[in-house]
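Asks: Show me how the following folds:
(one chain, ligands or ions: 1)
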Amino acid sequence: MHLRYSYRICPTVGQRQALSRTFGCARVVYNDALTLRKAAWKADRSRIPTGVLAKSVITDAKKTDARSWLGSVSVDALQSSIRDLDTAYRNFFDSKSGKRAGRPVGLPVFKSRKDSRQSLRFSRNGFRMRGNGKLNLARIGDVRVKWSRALPADPSSVTIVLDSSGRYFASFVVDIEPDHLPELDTEVGIDLGLTAYAVMSDGSVIDDPRFLRKAERKLKAAQRALSRKAKGSRNRAKARRKVARAHARVADTRMDWLHKQTTRLIRETQAVYLEDLNVRGLARTRLGKSVHDAGWSTFRRLLTEKAARYGRHVGIIGRYEPTSQVCSTCGVLDGPKPLGIRTWACGPCGTSHDRDLNAARNILAAGRADRLNACGGPVGPGVAIPRRARPVETGTHRNAGRTGRKPRAADAAGIPVP
Ligand SMILES: [Zn+2]
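Replies: Numbers count the residues shown, from 1 in each chain. Take a look at the predicted model:
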């Protein structure tokens, strides 16, 4: 499996100039190639092969006066730029045909000198690791790297990124074998909320760190300072970097926190079940700021990636399951409840529920049912909302104590075990 490992790098002043030249050339090559492909598509719906494209926008272009400066940078970075355009097109077509999951990918767009993030990539031919720990980049030189952790394997490519706050990163792609952890029998359903970050079906809670809200005053002050500076002035550029740095700090803190939470969950749990929230839809409402701050889609992505790496299971249950309306004890559908209602008592069985904990238990039951279904287990129709979902804590099932065997997922969904 392919993983990314990112490190801060500290290029010298000369190296920064060389990098900035290469960013520019890679961008021009990308845009030229995109122009040609668009024109060919418009003319006769044809796709120019990558080799032909590379010859005309790199090799032949270098010989012209208008593009002679392409010769001053690494040709590997320029070729990678064309391959990146190919990937962008492939992602677009795969997304359109449904081969690619996730949000729809649009057509590739032109890159600009003013983009807040500049990047370029080197293939295996464009970089080398030096014995002294420096990273040698073609036509750039030996760049100092802050090795915050070791690279687990030989990287196949490196992307150099300059972000909006002026920081440089080297992001390596490494191909490693999945590192499966010993199997556990723990399962957990997670309800992502707004009062707490997440509530687990075992009753534990992850508190909402609210990084953005906490940093809001500082961000606002920096933003105000920026708006007072004259357009095009040096002071404005400085103030813009300050705003970008303040945002970057929030993003870094949040990412660090998300990594810690997801790593802990994956280490302790064999199967994690989540609700498929319409995050993009929610973010458009007045809850917007909290939803973005919570970083739920990142939380889910990190969980899924780590599960694949460590041999765990992440199940996403359908968006329209009424997890907050069903009693997790007796399975009665009790009707919709406004967000303001945090606790309620079930009419038929009398159990009093915490809204989020009840939802987490329903998510666990639905996730288990889905997983059994996918494995070809003996599940009949209509298990999407288990009407008779029993309490699902490990060890509470009546068979568990009597026979001494571990409770199986099938027990929880109310399916007789032979
Ligand atoms: Zn009930």
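Asks: quick one: whichever strand or helix holds residue 302 to chain centroid distance?
Replies: Per DSSP states H and E: residue 302 is located in helix 296-310. In terms of C-alpha atoms, centre = their mean, to the nearest Å, the centre of helix 296-310 is found 8 Å from the chain centre.
Asks: Mind listing what's buried along it?
Replies: Within helix 296-310, the residues that count as buried by 16 or more other C-beta atoms under 10 Å are 296-297, 299-300, 302-307, 309. In this view, the C-beta of every residue, glycine as well, is placed from N, C-alpha and C.
Asks: Just name whatever secondary elements the helix or strand where residue 3 lies is in contact with.
Replies: If you go by DSSP H and E, residue 3 is part of strand 2-10. With contacts taken as 3 or more C-beta pairs under 8 Å, 6 or more residues apart in numbering; DSSP states H and E, strand 2-10 sits against strand 141-145, strand 155-162, strand 168-175.
Asks: what comes up buried for whatever helix or strand comes next after that strand?
Replies: Where DSSP H and E defines the elements, the next helix or strand beyond strand 2-10 is helix 13-44. For helix 13-44, the neighbour count (16+ other C-beta under 10 Å) marks 15-16, 18-19, 22-34, 37 as buried.
Asks: now do stretch 132-148
Replies: Under 16+ other C-beta under 10 Å, the buried positions of stretch 132-148 are 135, 137-140, 142-143, 145.
Asks: Next, format those residues as CSV and append pLDDT.
Replies: Listed next are the buried residues of stretch 132-148 as CSV, based on pLDDT from 0 to 100:
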residue, pLDDT
135, 97
137, 98
138, 96
139, 96
140, 97
142, 98
143, 98
145, 97
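Asks: what about the longest helix in this protein?
Replies: helix 234-268 (DSSP state H).
Asks: Determine the set of other helices and strands touching it.
Replies: Using 3+ C-beta pairs under 8 Å, 6+ apart, the elements in contact with helix 234-268 are helix 211-228, helix 296-310.
Asks: Figure out which of those is closest to the ion.
Replies: With C-beta to the ion, the closest approach to the ion among these belongs to helix 296-310: 28.4 Å.
Asks: returning to what we had before: for the ion, which of the helices and strands packed on strand 2-10 is the nearest?
Replies: The closest of the helices and strands packed on strand 2-10 to the ion is strand 168-175. By C-beta to the ion, the value is 50.2 Å.
Asks: Direction included, what does the closest one pair up with?
Replies: Sheet pairing here is set by DSSP bridges, and for strand 168-175 it gives strand 2-10 (antiparallel), strand 155-162 (antiparallel).
Asks: tell me the most buried of these?
Replies: Of all those, strand 155-162 has the most neighbours on average by mean count of other C-beta atoms under 10 Å, namely a mean of 20.
Asks: the inter-axis angle of it versus helix 13-44?
Replies: Per axes from the mean of the first three to the mean of the last three C-alpha atoms, to 10 degrees, the angle that strand 155-162 makes with helix 13-44 is 100 degrees.
Asks: how big is the angle separating strand 155-162 from strand 141-145?
Replies: Here strand 155-162 runs at an angle of 80 degrees relative to strand 141-145 (the same axes, to 10 degrees).
Asks: before we move on, the earlier item: so how far is the strand holding residue 3 from its chain's centroid?
Replies: Here strand 2-10 is found 15 Å from its chain centre; the criterion is C-alpha atoms, centre = their mean.
Asks: cool, stretch 86-106 as well?
Replies: For stretch 86-106 - counting by C-alpha atoms, centre = their mean - the centre lies 16 Å from the chain centre.
Asks: Let the chain start at 876 from now.
Replies: Okay, residue one is now 876; in that scheme the one you just asked about reads as stretch 961-981.
Asks: Dihedrals phi and psi, residue 1065?
Replies: Residue 1065 adopts backbone torsions of phi -120, psi 130, taken as degrees, to the nearest 10.
Asks: and if you look at residue 1010?
Replies: phi -110, psi 120.
Asks: Was I right to think it contacts residue 1022?
Replies: No - between residue 1010 and residue 1022 there is no contact under C-beta atoms under 8 Å: 9.7 Å.
Asks: Looks like residue 998 contacts residue 1032 (just checking).
Replies: Yes - the pair residue 998 / residue 1032 is scored as a contact, 5.5 Å apart, by C-beta under 8 Å.
Asks: which neighbours do those two share?
Replies: Taking C-beta atoms under 8 Å, 6 or more residues apart in numbering as the contact rule, residue 998 and residue 1032 both touch residue 955.
Asks: How confident is the prediction for residue 977, by pLDDT?
Replies: Looking at residue 977, its pLDDT reads 74.
Asks: Now do the helices in the stretch 926-1075 of the chain.
Replies: All helices of the stretch 926-1075 of the chain, identified by DSSP state H, counting those that start in this stretch, fall at 935-937, 950-972.
Asks: between those helices, which gets nearest to the ion?
Replies: Of the helices of the stretch 926-1075 of the chain, nearest to the ion by C-beta to the ion is helix 950-972, at 42.8 Å.
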